[in-house]
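Trainee: sequence-free structure coming up:
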């Protein structure tokens with residue numbers, strides 16, 4: 001299974017989101033000195049989940065990081081997170 005597939009699966013099971021966007025941005029970083037060149041190292045993730053209700057941004061990110069600890073330790077170089085509870089405004093892009 002691809003890194004993106006494992007990320008999606010773990011977040012779906014762990015957070016039961018109403019929306020989950022996993023965007024592979026690795027091609028934007030190809031050739032950068034710190035990029036591992038795997039094609040699956042840089043991700044942007046948008047998650048909307050009831051689990052985040054009443055939690056701070058730091059607490060939300062810790063939940064995601066814990067779920068993805070194996071991927072973060074062994075291949076994901078950069079992870080941009082937008083973690084929202086239902087009803088919160090989507091970030092501007």
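Mentor: Arrived safely, thanks for sending. All values derive from a computational prediction rather than experimental measurement. Numbering: from 1, shown residues only.
Trainee: what packs against the helix or strand bottoming out on mean pLDDT in the chain?
Mentor: The weakest-scoring helix or strand in the chain, judged by mean pLDDT, DSSP states H and E, is helix 69-73 (a mean of 90). Counting by 3 or more CB pairs under 8 Å, 6 or more residues apart in numbering; DSSP states H and E, the packing neighbours recorded for helix 69-73 are helix 3-15. In short, each C-beta sits where N, CA and C put it, glycine included.
Trainee: what's the helix or strand for residue 65?
Mentor: Residue 65 belongs to helix 57-67 when elements are defined using DSSP states H and E.
Trainee: picking that back up, what's the least confident helix or strand of the chain in contact with?
Mentor: Residues outside helix 69-73 that contact it (CB atoms under 8 Å, 6 or more residues apart in numbering): 3, 6, 7, 10, 65, 79.
Trainee: Let me know the distance separating the first one from residue 25.
Mentor: What it means is residue 3. To residue 25, residue 3 is 12 Å away according to CB to CB, to the nearest Å.
Trainee: Just give me the residue right at the centre of the protein.
Mentor: In the chain, the residue lying closest to the centroid (CA atoms, centre = their mean) is residue 45, at 3.9 Å.
Trainee: I'd say it and residue 64 touch.
Mentor: Yes. The pair residue 45 / residue 64 is scored as a contact, 7.4 Å apart, by CB atoms under 8 Å.
Trainee: which neighbours do these two share?
Mentor: 11, 79, 81.
Trainee: What does the pLDDT read for the second one?
Mentor: Residue 79 carries a pLDDT value of 90.
Trainee: Could you pull up the contacting residues of it?
Mentor: Contacts of residue 79 (CB under 8 Å, 6+ apart): 42, 43, 45, 64, 65, 68, 72.
Trainee: how about low-confidence regions in the chain?
Mentor: Within the chain, the stretches with pLDDT under 70 are 27-39, 93.
Trainee: and if we set it to 80?
Mentor: Scanning the chain for pLDDT under 80 picks out the ranges 1, 26-41, 75, 77, 90-93.
Trainee: quick revisit: can you point out the buried residues in the helix holding residue 65?
Mentor: Buried residues in helix 57-67, counted by 16 or more other CB atoms under 10 Å: 60, 63, 64, 67.
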